[in-house]
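In: A predicted structure for the sequence below; I have some questions about it.
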Amino acid sequence: MATRQVGHAALPLMNIVRMKGVPILRQLEMEECLLRTSSENWCIINDGTENPNIVMGISGKPAELVEISPVLEDRIPVIRRFTGGGTVIVDHGTIFVTFICNQKDVPKVQPYPRPIMSWSSLLYSKVFEGVADFKLRENDYVFGLRKFGGNAQSITKNRWIHHTSFLWDFETRNMSYLKHPKRTPEYRLARDHLDFICPMKDYISRSDFINKTIDAAGSQFSIESTEFEAIKPPSSLKFTPTSKLLTKQELEAAIYQTQPIEASVSSI
Amino acid sequence: MALRMWASSTANALRLSSATRPHFSPLSRCFSSVLDGLKYANSHEWVKHEGGVATVGITDHAQDHLGEVVFVDLPETGGSVTKASSFGAVESVKATSDINSPISGEIVEVNSKLTDTPGLINTSPYEDGWMIKVKPSNPSELDSLMGSKEYTKFCEEEDAAH
């Protein structure tokens, strides 16, 4: 693991990958590959993905989370990612930020969900310092009482990933593809999507946010830029990504799960 | 709160059948239960080896740190596991966490109850919340695992370091 001497302390190296418009499924596959096959630290920033995509957590059930008929009608891709957490709809207005870290390079962070989230929220509090009333509230990133980013994690024996889709802006009509989930944080107070979330653009420019995020990472790591195209998984390691695009058949099958089965009464 | 956690952990420990009931010693720091008679991996899995079959699950310490478990991804019966390699995952607090096998061998049974009731891992980590049963291919691998006293000390030191 390469390090750089800063003052008295040597900072571990972190590769920064900046990209724009990379399809979210491709990004998720790359992230999981880096988590599983690389031994380096990574910060990946994808400034928007083109077409709208719905992304569910590993245990997400489309019947409970997605309005399936309009999704099928409008051909909105639905992806199940490899990390935990909830459902988001992402597009060109979303900024994705991912941290993949070796446990030994952030030794004060216990490799469990809450300590990792505390670490990331401290990092983002530097980004939003003087910009907005940023808080980690019931594991959500919020300005005041309104959520502006969906985060999720995956933890392996020696490494972990924390990634966030930040709603820099969003299409209001796209929110209608998502159902109100059964499990919601208390602070949501039964608000619908549009009353619950807010766009980051009201607080910070895209470029400022990205630059401040890189600066915040630079306070804990020695930063080195890497091109997206240059990332190659080690050929010696077999790797099968687990994030997947749900098929039309899988989504259609989910429709029938939501419809009550009418008892057929046969007259004798 | 801590007392309530300790009480529920104690209740879980005492529910084990009297024939094989391991002794119980609470961790001084976080009140997680550690049972005698089990072996422990440094990745916080436990294994109970009886009659040629090893039962594997995650420890009370692990479930406490993970938070509420909402989903469990387990392998199928008939597959194999390798010591120190991941065989499944649990989801809790927006995160998936790998579960590593403390022993190599063939999976002879999977706890299907966890599909519908993943919270058993929180409420009964050493009993109803077991994950897989394995026929060990190399039982001597158990020798490198920790006993209850070692594991208690390991957890205390790990928590103190953070």
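Out: Yep, it's here.

In: Let me see the ranges of the strands in chain B.
Out: B:24-26, B:33-35, B:39-40, B:45-50, B:53-58, B:69-73, B:80-81, B:86-92, B:95-100, B:105-110, B:132-136 (DSSP state E).

In: Let me have those strands in CSV, adding mean pLDDT, mean neighbour count and distance to chain A as columns.
Out: C-beta: built from backbone N, CA, C; applies to glycine. Output for these, formatted as CSV (pLDDT from 0 to 100; neighbours: other C-beta atoms under 10 Å in any protein chain shown; distance: least, C-beta to the nearest C-beta, whole Å):
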stretch, mean pLDDT, mean neighbour count, distance to chain A
strand B:24-26, 40, 17, 20
strand B:33-35, 91, 26, 18
strand B:39-40, 96, 22, 15
strand B:45-50, 93, 20, 11
strand B:53-58, 97, 23, 12
strand B:69-73, 96, 20, 4
strand B:80-81, 96, 20, 14
strand B:86-92, 96, 23, 4
strand B:95-100, 96, 25, 4
strand B:105-110, 96, 18, 17
strand B:132-136, 95, 20, 17
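
In: now these in TSV, with distance to A:Phe99?
Out: Below are the strands of chain B laid out as TSV (distance: least, C-beta to C-beta, whole Å):
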stretch	distance to A:Phe99
strand B:24-26	35
strand B:33-35	33
strand B:39-40	30
strand B:45-50	26
strand B:53-58	25
strand B:69-73	23
strand B:80-81	30
strand B:86-92	19
strand B:95-100	13
strand B:105-110	33
strand B:132-136	31
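
In: gap between the residue nearest to A:Ile44 when sequence neighbours are not counted and A:Asn151?
Out: Sequence neighbours aside, A:Thr98 is the residue nearest to A:Ile44 in space, at 4.2 Å (criterion: C-beta to C-beta, 6 or more residues apart in numbering or on different chains). Separation of A:Thr98 from A:Asn151 (C-beta to C-beta, to the nearest Å): 10 Å.

In: All the helices of the stretch 1-150 of chain A, in order from the start?
Out: A:24-37, A:62-65, A:68-73, A:113-127 (DSSP state H, counting those that start in this stretch).

In: For the one residue sitting closest to the centre of chain B, name its beta-bridge partners.
Out: The centroid of chain B falls nearest to B:Ile58 when counting by C-alpha atoms, centre = their mean (2.3 Å). Counting by DSSP bridges, B:Ile58 forms beta bridges with B:Glu45.

In: Now the residue nearest in space to the middle of chain A. Nearest residue, chain neighbours left out?
Out: For chain A, the residue sitting closest to the mean C-alpha position, by C-alpha atoms, centre = their mean, is A:Thr164 at 3.5 Å. Nearest residue to A:Thr164 in three dimensions, chain neighbours excluded: A:Asn151, at 4.3 Å (C-beta to C-beta, 6+ apart).

In: wait, isn't that neighbour in contact with A:Met117?
Out: Yes - with contact defined as C-beta atoms under 8 Å, A:Asn151 and A:Met117 form a contacting pair (7.2 Å).

In: so what sits against both of those two?
Out: Between them, A:Asn151 and A:Met117 share these contacting residues under C-beta atoms under 8 Å, 6 or more residues apart in numbering or on different chains: A:Asn139, A:His162, B:Lys94.

In: okay, those residues in a markdown table with distance to A:Ser219 and neighbour count next?
Out: Listed next are the shared contacts of A:Asn151 and A:Met117 as a markdown table, based on distance: C-beta to C-beta, whole Å; neighbours: other C-beta atoms under 10 Å in any protein chain shown:
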| residue | distance to A:Ser219 | neighbour count |
| --- | --- | --- |
| A:Asn139 | 23 | 18 |
| A:His162 | 16 | 24 |
| B:Lys94 | 24 | 24 |
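
In: quick one: buried residues of stretch A:240-247?
Out: Neighbour counts over stretch A:240-247 (16 or more other C-beta atoms under 10 Å in any protein chain shown) mark A:Pro241, A:Thr242, A:Ser243, A:Leu246 as buried.

In: can you tell me which two in those are farthest apart?
Out: A:Pro241 and A:Leu246 (14.5 Å; C-beta to C-beta).

In: quick one: B:Ser101 and B:Ser43 touch, right?
Out: No - contact criterion C-beta under 8 Å: B:Ser101 and B:Ser43 do not qualify, at 9.4 Å.

In: neighbour-wise, which of those two wins?
Out: Neighbour comparison, B:Ser101 and B:Ser43: the larger count goes to B:Ser101, with 27 against 20 (by other C-beta atoms under 10 Å in any protein chain shown).

In: got a list of what that one touches?
Out: Residues near B:Ser101 by C-beta under 8 Å, 6+ apart: B:Glu45, B:Val56, B:Val81, B:Thr82, B:Lys83, B:Ala84, B:Ser85, B:Ser86, B:Phe87, B:Ile132, B:Val134.

In: Which residue, other than its chain neighbours, is closest to the fifth one?
Out: Think B:Lys83. In this structure, B:Lys83 finds its nearest non-sequential neighbour in B:Ser104, 4.6 Å apart by C-beta to C-beta, 6+ apart.

In: follow-up on the earlier one: which one of the strands of chain B lies nearest to A:Ser121?
Out: The nearest among these, by C-beta to C-beta, is strand B:95-100 at 14.3 Å.

In: Who are the packing partners of the closest one?
Out: With contacts taken as 3 or more C-beta pairs under 8 Å, 6 or more residues apart in numbering or on different chains; DSSP states H and E, strand B:95-100 sits against helix A:113-127, strand A:146-155, strand B:86-92.

In: Now render those as JSON lines, adding distance to A:Ala254.
Out: Listed next are the helices and strands packed on strand B:95-100 as JSON lines, based on distance: least, C-beta to C-beta, whole Å:
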{"stretch": "helix A:113-127", "distance to A:Ala254": "28"}
{"stretch": "strand A:146-155", "distance to A:Ala254": "21"}
{"stretch": "strand B:86-92", "distance to A:Ala254": "19"}
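
In: Figure out which of those is closest to A:Met175.
Out: Among those, strand A:146-155 comes nearest to A:Met175, with 12.2 Å by C-beta to C-beta.
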